[in-house]
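K.L.:
Sequence first, predicted model second:
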Amino acid sequence: MNPIEDETGKLGQFRIIQAEQRYRSALRWLELFDVATWPEVRTFLSSYCPPGETFEMFLLKFRSWEGQGKQPADVHEDGKRLDDELRLAMAEMRKGFDSLSLIGSVISPLDEGDSLPFRMVEPVLLDPFQGSGGFLTITGPPRKGKTGFACLVMEAWLRADPRAIVLSNVIMSHAVDRIIEVPGVKALQEQIIKAVIEKRRWLWVFDDAGLKWLKQRAMLGTNIDLEQFARIVPKHGGSFIYIDQREGGIPTTIGEFSDSRVRCLRPGFALAHLPDFNGSVRDIPKPTTPYVSEARSAFLMDSDIHDLIEAIPRPEQAVKVV
């Protein structure tokens with residue numbers, strides 16, 4: 001066989017395989033549509049919907065729905081979800097191209113080709129907490145690595161400062177130095193007061209936050225206000241990681257304060273928006289922190305958040321993050 005023809009044939013086979021991989025990646029994204037964002041939806045549309053009236057209609061509707069404060073997963077029209085409409089658009093475009101033509105036009109929202117390995121992103125993990133403190137939200141479907149990613153941030157936090165502590169409702173298999181379990185508001189209040197007095201930096205990691213907070217708030221009907229507490233966290237040398245399944249479940253104030261966010265899409269892979277990095281991260285390792293992944297984190301609303309706010313002494317000088 002002619003060597004040139006042989007190499008051309010191999011390239012064609014490679015492109016067909018690559019097209020199928022990107023197609024499957026797009027299908028995985030559709031399966032995770034409950035946590036999809038509008039930028040991702042627009043990327044999908046640009047890849048899988050040819051220019052024309054349908055494309056323009058979608059763009060106009062996307063801006064309208066986004067302006068109404070809706071998330072992509074919240075959109076229902078004529079009995080169809082938005083992801084159903086996108087599946088139809090993808091099928092229409094796919095049937096009009098062979099695999100070699102398709103590969104040049106497709107950019108999947110979950111394509112790992114432009115992602116960075118975790119080791120390259122790790123140095124900027126603490127950037128959200130620069131200054132006196134800050135916020136990070138971690139979202140994603142169940143069992144996709146949210147708590148594990150939070151533990152990696154916890155480990156970086158403790159390495160950066162030998163006096164810093166972590167307060168969390170994440171359940172550990174055994175005691176870990178400077179990681180303190182706080183199963184409720186009372187325990188959280190005690191540990192924050194102690195940290196402020198000792199001038200230690202503290203990081204509160206609130207796992208399954210939406211489920212614990214909203215459910216108990218509705219049951220108790222008391223004057224508990226997590227959002228108001230979030231406002232004063234950096235003023236007391238603290239930082240806050242809020243873990244929830246859906247971005248739409250994040251309280252308004254916390255969402256506004258947190259410019260940094262991570263969406264875990266599957267174990268080992270996530271989308272990250274940090275001060276010095278915005279993109280996808282692959283090869284995320286398992287943390288060394290011995291958290292119990294099968295256990296459900298508990299957090300009792302056993303005290304009024306306003307009491308916690310009033311009880312925390314204001315430090316003479318905010319504790320700076322190096």
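P.N.:
Yep, it's here.
K.L.:
CA atoms for contacts and neighbours, from now on please.
P.N.:
OK.
K.L.:
Settle this for me: Val205 is touching Ile241, isn't it.
P.N.:
Yes: contact criterion CA atoms under 8 Å: Val205 and Ile241 qualify, at 4.7 Å.
K.L.:
Find residues that contact each of these two.
P.N.:
Ala150 (CA atoms under 8 Å, 6 or more residues apart in numbering).
K.L.:
Which parts of the stretch 151-300 of the chain are strands?
P.N.:
Remark: strands assigned in the stretch 151-300 of the chain by DSSP state E, counting those that start in this stretch are 165-168, 179-181, 202-206, 238-244, 261-266, 269-274, 277-282.
K.L.:
Which of the ones you listed comes out lowest on mean pLDDT?
P.N.:
Note on the strands of the stretch 151-300 of the chain: lowest mean pLDDT is at strand 277-282, with a mean of 84.
K.L.:
Give the pairing partners of it; include direction for each.
P.N.:
strand 116-117 (parallel), strand 269-274 (antiparallel) (DSSP bridges).
K.L.:
Restricting to C-alpha, output stretch 275-292 in CSV.
P.N.:
Taking Å, rounded to 0.1, in the frame of the first residue of the first chain, the C-alpha atoms of stretch 275-292 are listed here in CSV:
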residue,chain,number,x,y,z
PRO,A,275,-9.5,34.4,40.2
ASP,A,276,-6.5,33.3,38.1
PHE,A,277,-8.1,30.3,36.2
ASN,A,278,-11.2,29.7,34.3
GLY,A,279,-11.6,26.3,32.6
SER,A,280,-11.8,22.6,33.0
VAL,A,281,-9.7,20.5,35.3
ARG,A,282,-8.8,16.8,34.8
ASP,A,283,-6.9,14.1,36.7
ILE,A,284,-8.3,15.4,40.1
PRO,A,285,-6.8,13.0,42.7
LYS,A,286,-8.5,11.5,45.7
PRO,A,287,-7.7,13.5,48.8
THR,A,288,-5.6,12.1,51.6
THR,A,289,-8.1,13.5,54.1
PRO,A,290,-10.0,10.4,55.5
TYR,A,291,-13.5,11.5,54.9
VAL,A,292,-16.3,8.9,54.8
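K.L.:
in that stretch, what counts as buried?
P.N.:
Pro275, Ser280, Val281, Arg282, Ile284, Pro285, Pro287, Thr289, Tyr291 (16 or more other CA atoms under 10 Å).
K.L.:
which one of those is nearest Val185?
P.N.:
Among these, Tyr291 lies closest to Val185 (CA to CA), at 20.8 Å.
K.L.:
Let me see the domain layout of the protein.
P.N.:
The chain breaks down into these domains under automatic domain parsing: 3-103, 116-311.
K.L.:
most packed of those?
P.N.:
domain 116-311 (a mean of 18; mean count of other CA atoms under 10 Å).
K.L.:
so how far is the first residue of that one from its last?
P.N.:
43 Å (CA to CA, to the nearest Å).
K.L.:
how distant is it from the center of its chain?
P.N.:
Put simply, domain 116-311 sits 11 Å off its chain's centre (CA atoms, centre = their mean, to the nearest Å).
K.L.:
How about exporting stretch 77-96 as PDB, limited to the C-alpha atoms?
P.N.:
The C-alpha coordinates for stretch 77-96 follow below in PDB (Å, rounded to 0.1, in the frame of the first residue of the first chain):
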ATOM      1  CA  GLU A  77     -41.900  25.100  26.900                       C
ATOM      2  CA  ASP A  78     -44.700  23.300  25.100                       C
ATOM      3  CA  GLY A  79     -44.200  20.300  27.300                       C
ATOM      4  CA  LYS A  80     -40.500  20.000  26.500                       C
ATOM      5  CA  ARG A  81     -37.400  20.700  28.600                       C
ATOM      6  CA  LEU A  82     -34.600  22.700  27.100                       C
ATOM      7  CA  ASP A  83     -32.300  19.700  27.000                       C
ATOM      8  CA  ASP A  84     -34.900  17.900  24.900                       C
ATOM      9  CA  GLU A  85     -34.800  20.700  22.400                       C
ATOM     10  CA  LEU A  86     -31.000  20.600  22.300                       C
ATOM     11  CA  ARG A  87     -31.000  16.800  21.700                       C
ATOM     12  CA  LEU A  88     -33.300  17.400  18.700                       C
ATOM     13  CA  ALA A  89     -31.000  20.100  17.400                       C
ATOM     14  CA  MET A  90     -28.000  17.800  17.800                       C
ATOM     15  CA  ALA A  91     -29.700  14.900  16.000                       C
ATOM     16  CA  GLU A  92     -30.700  17.200  13.100                       C
ATOM     17  CA  MET A  93     -27.100  18.400  12.600                       C
ATOM     18  CA  ARG A  94     -25.600  15.000  13.100                       C
ATOM     19  CA  LYS A  95     -27.600  13.400  10.400                       C
ATOM     20  CA  GLY A  96     -26.500  16.000   7.900                       C
END
